[in-house]
Structures are given as structure tokens and as C-alpha cells.
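> Give me the fold of what follows.
(chains A and B)
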Amino acid sequence: MTLCRCRCLGPAMDGYSRRDLLRLGLLTPFASRLALAKSSGPELIVRSSRPQDLETPVSALTEEFTPNDLFFVRSHFGPPLIDLKEWRFEIRGEVERPARWTLQELQQVGSTRRAAVLQCAGNGRALFNPRIAGAQWERGAVGQALWTGVKLSDVLTKAGLKSDAKFITFLPGDHPMASKVPRFMRSIPVEKALEDVVLAWQMNRVALPLLHGAPLRAVVPGWAGNHWVKWLRGIEVATKEDPGFYMQTGYKFPTEPILPGGKPKAVKSLTEIPVKSLIVKPAAAARLRVGNQPVQGVAFGGKGPIARVQVSVDDGETWSDAQLDPAPVAGAWQRWDFDWIALSGSYVLRARATDSAGSVQPKEPAWNPSGYLYNAWDEVHCEVGA
Amino acid sequence: MKRGAWSIAFLAVSCANPRPAPTASSTPDAGVSPVQPAPPSPAVASGDSKAIPTPPAEQPSAAEKITYEEGMLLQGQVCLSCHSIELISTSRIGEAGWKAEVVKMKNWGTLVEDGQVAPLAFWLAVQYPPTESPPIAARITPAKAIAAVTPTTRQRVRGDSKLGATLYQNACASCHGEDALGLGGGPVLVETPALYQPAQFARLIRHGAGRMPAFPDFKQEQINAVLSFLQSLSGTPG
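Numbering: from 1, shown residues only, chains lettered A, B, ... in the order given. The predicted structure is shown next:
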């Protein structure tokens, strides 16, 4: 057993550094503040400063759980500062027993804990060509957290679904910039709501931070981030999905592949994240020493667990299998690594994942007019020298 | 040429150039339809981003109607009252793309006149050309990102909210809306974290920011009154 160097914790915990524990909030706030003041750690990448759209540097995704303060932030309108004394979770629409619960009352309905990957629908938008309007996310609008909350199925059971209930619309707490701007309303089908959706009040075992949706957010495993509505004030159980902009016009994806720059004939709402892998080590533009250089990353999305991850060190000419961790739970990522004996030279590393249904990450992304769901082979350039 | 898919390609114009150079159509429309068809214009040698193209012979382009300074002003008034500059300057979407975005925002209440849409879209497309990579993004420490939305106090301010309501209606409502839910001129103020950052709030009122004018004569008591009124407003599940 190894001892933590600073002796604060006694035995060091496998796989977690002191810094991880600080980030996860497992040490006291006082100790945490001291540590933050001393370290000049990694920084977030600013895609928009008002409201905040902040991207995680990919090199910060090496752990199973992404630290809260480095977790990417996507805001449609920015956080509302909700007074918890007045906040109620409202359940209305096609239910037998409409309700208005305090957070405590909601927490008494049940509690569960689940690892799940959150990826912005627009992650990778900046990598499409031609370019597309919107936040110019590169590779880091993704992360995994351990979410604590109540199963939406338990909430719906308690409220009593009426037989014509087809959709659950999340009622968001954020206010649009102006009163004519549509509210960020998203609906999910009842089947998905009953399957595995969680309404979370904790992120990595601490209270949900304001930037991530305090006091309550939706966790929709396997589905893109646009469904994970933050700052929830309630749900509406409905016979139809929300008629507003963000369901009817936003977050649509071509039903058939189109040429880059083209216009789709028909579109559908995007839901599941397609199969994807990400190289987190080495970092982009890294300068490495000759010798044993681990290539590491994560893989997620697609149907069922990720079945295979392959790595290429010659820009996709030849591929080798990486060692892949088993899937802990649907919607979580699987970590992988590959032993690379690096000789001196310039390299383009690539990774591609295959899901349980046999879908493979494509060489070229599926260009679409809003730049959603980028999942082409991941790419990292690096130099190896003596 | 992959970039041929753009309906209109733009030449880079350096910031030092006070008048954006006019554009040239590069290839036939490959899917994105401009609101108005671009006039036919001579092809322009690509590759040299500093080249000034020959202006189209017929039909003066929107460039004739907007100067660099006018564009800066419009961008500030139309775009930057709700968006920060990063979102604008990193979008490389061409004139048709910008036109679509500006029209969308106009429909959502942004205060922009019909006659300003085309010149603004043109200016944005020249200023942020698809042929050039966007600037390298800024970085922010997690502590600073969190501080931006973290209250410096949880206490409600002691102020005369009735007086605040009156002051608000006189000084603020024309841009932020009578209900403070935002109009095209100014953003929503209900439940924003800024209401619990009183020192910054006072500075904002006294000095203004971007499109927001300064109110240097506001006394602390009046600022507290406005703050007290705004803190009394709460959101609904809508």
C-alpha cells in the first residue's frame, strides 16, 4: 500500500490523485481553496464568454470521471440564480397526480448513482468543412461524471402516467436573452424517460454546480447533451413533443447523408451519440521521447458497448487493436490504451471505435448544416525525438 | 477545391483597411441560397489574401453602403448586446450564412432595421472570412469561470423596491423590457447572478458596457433601489 505524499489521506487511493479528490470535492473546501491558489492547473477554452461556452482541454479527460471545474460548459442563455426556498419541482400535464415538490421531497422519491458521458451535440463542429455557424467546439465538449439523482421513471410512477402520455418535456429555468427568443424546451419520448433517465442534483458526489444546472438537471444516458436540460423547474407530460423552436427546427439531422455544404431533403431530431473514440494521450502537438509511449483514450456512443478500438500511428494506413476496458453501464465511456514503441519521426495518430452493432467510426464526418454529431476518426499529431 | 461549396467566398481584409473590399462570387451555389442572388462578378485570384479584387461592374455591392466603422457600430448594437465577440469572430459562414443568422435574430426581437441586415451580413462576412482560420481561442481558469456566475453575497440588498420599480421603468425598461425579461436592446435581468454581485452591478450602471449607456449620476441609494426591485422578480416554469 502506498501512502499519499502529503499524508493528508493516509493510504493513497488507487487511480485517484490528491488533485482528483480535491476536484471531486472529497477534501474540505478549505484545503481545496489552498490547493487551487497554489496550482496553476489546466484552463478551459473559451468558445463564448457571455453566456459561457467553455471547452475542456482533451488532456484533462484522462480520468474515469472528468473533474467538475474542468467539465465543459454549454449555456443557451446562462445560469439563473434560483432561490431554493422558492424553487419547486413541478409535474404537470398527462399525470394522475400533478405535484409541486421541494428538492427534499423530490429526493425522497428515490436516489440512484450513475456514470454517464455528456457530449454536446455540436462537439467537433469546428472540424467540419465547410464551416458552420455556432459555438466552434473542437474535441473537448465532452466529459463523464458520476451523477446522483432520482430515476425519472420513479417520479413518473409516483405521479401516475395517463394512458395518452407520449412525451416528457423538460421545463428549463434559464431565461432567454429577450422575451421573443424561444425558451430552451426539449422533449423526450416516454419510452426513453422510463428506460434510464435521471434527474440529478449531484455531479461527482458534490452538489450540482451552477454552471452545470443547479439545482437539478436531466441526465439522458447515450443521448446528446441537448436533451440534458439544466436548471430544471419541472416536467410536463404531454401527448406531443414541444412545439417550440428547439424541438421543431433546432437539433435536426439529415435522414440521408448529404454532400458537404449541401441541403438535406429531409431531417429528423437527433438523439443518440454515434460511435466515437477520443485520443487523450498523447496531447495534440506533443513532443515525445523515443521508446514506450502509451496511447490512451476513451470510447463511447453507438449501439451497445464499444466492441473494439483500433489505433493507427500512420494516419490510418494500418491499424492495431487497443486494449479496451469493459463497459461499466450503458451510456458510460470505456477507456482504452495501446502500447506504442515510438521511433523518431513525425506522426499522425488516429483512433476509431466499433460498436456492438458493427458500426465503425468513419474516416470522413457526416457533414450536416448545423454541425452536429461529428464522429470521424480522431486525430492527434505528434513529434518523436531522441 | 473544397471551399468551392461556399456560395460566396470572401477575401481577407486586414483590420487596418478601413473599407472592406467587395466580394466576388467563386462558384455556383452549392446548396445554401442567398436571400438575394449575388451579382455576377469576375473571378478573383485566390491564395493572396491581401489582394484587393476588382469591384463588380454592375449593381453596387453592399460594401458601398457600409464603412468599417459603421460595421463595428452595428456589430456592437445588433450582435454584442447578447453574444460575446468570440461566437461572432469564430463563425466563418459567409454572407448568406450571416444573413440567415441576422434574420433569425431579428425575428427573435433583435433591434435591427430591414435596411441594415444586408450591409451587416456583408460586413461580418468580410471581417470574418471563411478563407481564414478563426483566431486562437482564449483560455480561462476554472476559478475565474465559476466566479463570473457566483454571487458575492446571498443577502438581498436593502433598498426601496418601489422606488426601484419607478427608476427601472424610466431608465431601464426601454431596452430590458417592462418585465425585465429582455427586449432586443438589452438582455434579461430576472434571476441573473449579476443581481447578487452588487459591486459589479453598481459599476455597470455607473459606467455602462457595450451598448448599455452609463448612468453616472445614479446614487448608491438609487442603485440599491433598482437592485432590490430586480431581486424581487422570480422565474416561472412557463
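> quick check, B:E86 in a helix?
Yes. Looking at B:E86 with DSSP: H, G, I helix; E, B strand; the rest coil, it is inside a helix.
> I'd assumed A:R50 was in contact with it.
No. Assessed by C-beta atoms under 8 Å, B:E86 is found out of contact with A:R50, at 9.0 Å. Backbone N, C-alpha and C define where each C-beta goes, glycine included.
> what about the two, which has more around it?
Using other C-beta atoms under 10 Å in any protein chain shown as the criterion, B:E86 and A:R50 rank with B:E86 on top: 21 against 17.
> what secondary structure does A:N368 sit in?
On the basis of three-state DSSP, A:N368 is classed as coil.
> can you check A:A145 too?
strand.
> Is it bridged to anything, and to what?
A:A116 (DSSP bridges).
> Can you tell me the closest non-neighbouring residue to the one residue sitting closest to the centre of chain A?
Ranked by distance to the mean C-alpha position of chain A (C-alpha atoms, centre = their mean), the top residue is A:L118 at 1.4 Å. Take A:L118 and drop its neighbours on the chain: the residue closest to it by C-beta to C-beta, 6 or more residues apart in numbering or on different chains is A:G225, 5.4 Å away.
> From A:C120, how far off is the one you found?
4 Å (C-beta to C-beta, to the nearest Å).
> ok, now A:T318?
32 Å.
> Give me the more crowded residue out of these two.
A:C120 (26 against 10).
> isn't the more buried one right up against A:A141?
Yes. Under the criterion of C-beta under 8 Å, A:C120 makes contact with A:A141 at 3.7 Å.
> Need the residues touching each of the two.
Common neighbours of A:C120 and A:A141, counting by C-beta atoms under 8 Å, 6 or more residues apart in numbering or on different chains, are A:F72, A:R74, A:G225.
> Using CSV, lay out those residues together with pLDDT and neighbour count.
Shown next, in CSV, are these (pLDDT from 0 to 100; neighbours: other C-beta atoms under 10 Å in any protein chain shown):
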residue, pLDDT, neighbour count
A:F72, 98, 27
A:R74, 97, 25
A:G225, 98, 21
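> ok, so of the residues you listed, who is nearest A:T66?
For these, the residue nearest A:T66 by C-beta to C-beta is A:F72; the value is 8.3 Å.
> Return the residues in contact with that closest one.
If you count contacts by C-beta under 8 Å, 6+ apart, then A:F72 has A:L44, A:L54, A:E55, A:T56, A:C120, A:G140, A:A141, A:V142, A:G143 around it.
> make it 10 Å
By C-beta atoms under 10 Å, 6 or more residues apart in numbering or on different chains, A:F72 lies in contact with A:44-45, A:47, A:53-57, A:60-61, A:66, A:118-120, A:123, A:137, A:140-143, A:211-212, A:225.
> One more: A:K230?
Contacts of A:K230 (C-beta under 10 Å, 6+ apart): A:73-76, A:79-80, A:170, A:172-174, A:184, A:208, A:210-218.
> ditto for A:P294
Counting by C-beta under 10 Å, 6+ apart, A:P294 has contacts A:K281, A:P282, A:D337, A:F338, A:D339, A:W340, A:A342.
> pLDDT score for the nearest residue to B:L189 once chain neighbours are set aside?
Nearest non-adjacent residue to B:L189, counting by C-beta to C-beta, 6+ apart: B:A180, 4.3 Å away. Model confidence at B:A180, given as pLDDT, is 95.
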